[in-house]
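In: Okay, here's the prediction I keep looking at, along with the sequence it came from:
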Amino acid sequence: MLRVKNLQVHYGMIHALRSVSVHVKEKEIVALIGGNGAGKTSLLTAVSGLIRTTSGEVALDGSDVTKEKADRIVRKGIAHVPEGRHVFKPLSVEDNLLLGAYHRFTWRTASVIRGEIERVYALFPVLGERRKQPAGTLSGGEQQMLVIGRALLSHPKVLLLDEPSMGLAPKVIREIFEHVARLRAERGMTILLVEQNARAALSIADRGYVLETGRVVLQGSSEELLANRDVQRAYLGRDAER
Amino acid sequence: MPFSSILQFIVSGVTVGATYGLTALGFTMIYNTTGIINFAQGEFVMLGGMLAVFSMKWGGLPLPVAVPLSVLLVTAVGVGVDRLTIRPMRGRPTVSLVIVTIGVAILLRGGAMLLFGKDTHSLPPFSEGPAIPIGGAALLPQSIWVLGITLAVLVAMKLFFDRTITGKAMLACACDRKAASLMGINVDVMVTVSFAFSALVGALGGVILAPITLTAYDVGILLGLKGFAACILGGLGNPFGAVAGGLIIGVLESLGAGFLSSGYKDAIAFVILLALLFLRPSGLFGKASADRV
Ligand SMILES: Nc1ncnc2c1ncn2[C@@H]1O[C@H](COP(=O)(O)OP(=O)(O)OP(=O)(O)O)[C@@H](O)[C@H]1O
Ligand SMILES: [Mg+2]
């Protein structure tokens, strides 16, 4: 469904991605793990059109979207939940969700979209309770649910999630990951999940890639990666000791 | 001082204050979409009045044609300002963009001076008729135009930001450009639209004010600063606050001129502005921001 081929990204002199190839098949959850500065966020922002690529190709369902701008790419079916969540803080929870459906909103679709927003509330009841509240007043976990819900409202074919667990308590992280797993199980969503929290990510993913200094250094099924000595040492170390 | 004179000061203050409110609405529009304070807003107001005057003078157009023509031309100027100066600076810090708007203001003012000269001009009132007496004070028919148009723009803008998805999308652009573009919002287009709208609103203020207070190439400075003071007074970004702020400043100014001396008139807005910036930077009606880090 999503295919990234030989992607290169530069920030001035910094070579952030060095020929990265990654693919995600339909209804698959693929984890992308790696340490700080490995290039995970760069990969997602390049795919969603927020930054320019130097070379390489991004294709969705076989059609090339590499040169498109972000506001066009979401219309093609790639929804990006960015690192750091980026809710629209002064706007209400409901308006944040509504804006997720911005590109398909017309007089005719308005009532359908209202219904979909109610479905998001059913999925994340806490959002329903706070629908009128400014999004900036939500807790970190609630904001994460909000941005996932907001992305769903764009009717994506592929969902890109950048470190949904960042800055959250272990209990909340578990809850978020359960939701991510359910999105695939119940809605057949295709997901590319970027995480530093490698164990949690691989536990819900089918496959994974390990990114180091802008290169894919390892790839395989989640079981293979979880069993791999290098992965255990570098990314599962602290968990493994426990 | 007799009550009727006080009432008269209030009536004229409300009228002038409404145009400060309109100017403030122009500020609000751009601020809500970009987070920028557009210091060329006063020049949009000036251009509105001046272009109407000169399309009558030079073009021989009747008032009902000159006014909409001028508003349209200024709207086009607003689009031009965005395309030529703001869009190329996209991604720069807000402060740099604000400084760009100061440059644009100087440019527009200078251009108007070269083109139209330094004389003071006036437009005929929009409708004929005697002043309407209210409790000993007189309300000019033009004042009714001013109040009516201000009210209409206020209501339209409030509905736009509260009720339409495009309005919300504009607010989203100011909060977070990147996230807005991830929603499929074309941020560049939204910014252009906000400049067009605020130029339009500014020009409307300029043409309805010109029959009352006269206009010249340099009226934009004071109008802009007073509109800005009105915004700060009412809480930046809030349309009701902008108009209320404008009305308060207009009335205080008018009363101040009446009771103290007309020499102090223009100082009043700035005393208010400074006092507010020290005491209550979020404005009278502004909410403390709802951020949570
Ligand atoms: N806007 C930018 N300008 C310059 N350099 C950048 C920019 N964004 C990222 N980089 C650099 O590119 C490299 C990859 O960064 P990236 O954010 O993609 O890593 P990451 O894997 O997402 O890291 P983290 O886990 O900390 O979020 C880093 O060396 C980083 O310093
Ligand atoms: Mg990152």
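Out: Thanks, I have the structure now. Ligands and ions are numbered 1, 2, ... in the order given.
In: Quick one: low-confidence residue ranges for the chain.
Out: Unless you meant another one, I'm taking chain A. A:237-242 (pLDDT under 70).
In: not what I meant, chain B
Out: Scanning chain B for pLDDT under 70 picks out B:285-293.
In: Any figure for the gap between B:Gly167 and B:Thr192?
Out: 15 Å (C-beta to C-beta, to the nearest Å). C-beta: built from backbone N, CA, C; applies to glycine.
In: Please apply the same query to A:Val47.
Out: Noted for A:Val47: a distance of 27 Å to B:Thr192, by C-beta to C-beta.
In: do B:Thr23 as well
Out: Here B:Thr23 is placed at a distance of 20 Å from B:Thr192 (C-beta to C-beta).
In: Neighbour count for these two, which is higher?
Out: Neighbour totals were compared for B:Thr23 and B:Thr192, and B:Thr23 leads with 32 against 20 (other C-beta atoms under 10 Å in any protein chain shown).
In: Which positions within the one helix or strand the more buried one maps to qualify as buried?
Out: Using DSSP states H and E, B:Thr23 falls within helix B:3-34. With burial defined by 16 or more other C-beta atoms under 10 Å in any protein chain shown, the residues of helix B:3-34 counted as buried are B:6-34.
In: Report the secondary structure state of A:Thr106.
Out: Classification of A:Thr106 using DSSP: H, G, I helix; E, B strand; the rest coil returns coil.
In: any idea how far it lies from A:Gln8?
Out: In terms of C-beta to C-beta, A:Thr106 sits 39 Å off from A:Gln8.
In: Now the closest residue to chain A within chain B. Nearest residue, chain neighbours left out?
Out: Minimum separation of chain B from chain A (C-beta to the nearest C-beta) falls at B:Gly184, amounting to 3.2 Å. Spatial nearest neighbour of B:Gly184, excluding adjacent residues (C-beta to C-beta, 6 or more residues apart in numbering or on different chains): A:His103 at 3.2 Å.
In: Flag every buried residue along stretch A:185-205.
Out: A:189-202, A:204-205.
In: If you could redo that for stretch A:128-148, that was the one I meant.
Out: A:130-131, A:134-138, A:141-148.
In: Which one of A:Thr106 and A:Gln8 is surrounded by more residues?
Out: Per other C-beta under 10 Å, whichever of A:Thr106 and A:Gln8 has more neighbours is A:Gln8, with 16 against 9.
In: Return the subset of the buried residues of stretch A:185-205 lying in strands.
Out: Using DSSP state E, the subset of the buried residues of stretch A:185-205 located in strands is A:190-195.
In: Which of those residues sits closest to A:Lys40?
Out: Ranked by distance to A:Lys40 (C-beta to C-beta), these are led by A:Val194 at 4.4 Å.
In: any idea how far the closest one lies from A:Val210?
Out: 12 Å.
In: any common contacting residues for these two?
Out: Common neighbours of A:Val194 and A:Val210, using C-beta atoms under 8 Å, 6 or more residues apart in numbering or on different chains, are A:Ile33.
In: How about the residue in chain A positioned nearest to ligand 2, nearest residue that isn't a chain neighbour?
Out: Residue of chain A nearest ligand 2, by C-beta to the ion: A:Thr41 (3.0 Å). Distances taken as C-beta to C-beta, 6+ apart place A:Glu83 nearest to A:Thr41, at 5.1 Å, with adjacent residues excluded.
In: now B:Met170
Out: Nearest residue to B:Met170, sequence neighbours excluded (C-beta to C-beta, 6+ apart): B:Thr33, at 4.4 Å.
In: Please tell me how far A:Gly34 sits from ligand 1.
Out: Applying C-beta to the nearest ligand atom, to the nearest Å, the value for A:Gly34 to ligand 1 is 5 Å.
In: likewise B:Ile185?
Out: Distance from B:Ile185 to ligand 1, by C-beta to the nearest ligand atom: 21 Å.
In: Now find how far off-centre stretch B:224-235 is within its chain.
Out: 9 Å (C-alpha atoms, centre = their mean, to the nearest Å).
In: brain fart, stretch B:75-93
Out: 18 Å.
In: what comes up buried for stretch A:60-76?
Out: Under 16+ other C-beta under 10 Å, the buried positions of stretch A:60-76 are A:60, A:65-66, A:68-71, A:73-74, A:76.
In: To clarify, my last question referred to stretch A:107-126.
Out: A:113, A:116-117, A:120-121, A:123-124.
In: from those, which is closest to B:Phe126?
Out: A:Ile113 (42.8 Å).
In: how many other residues sit next to the residue lying closest to that closest one once chain neighbours are set aside?
Out: Spatially, and ignoring its direct neighbours in sequence, A:Ile113 is nearest to A:Ala101 (4.6 Å; C-beta to C-beta, 6+ apart). Using other C-beta under 10 Å, A:Ala101 has 23 other residues around it.
In: List phi and psi for A:Ala101.
Out: Phi and psi for A:Ala101, reported as degrees, to the nearest 10, are phi -100, psi 10.
In: how about the nearest residue to B:Ile208, chain neighbours excluded?
Out: B:Val146 (5.0 Å).
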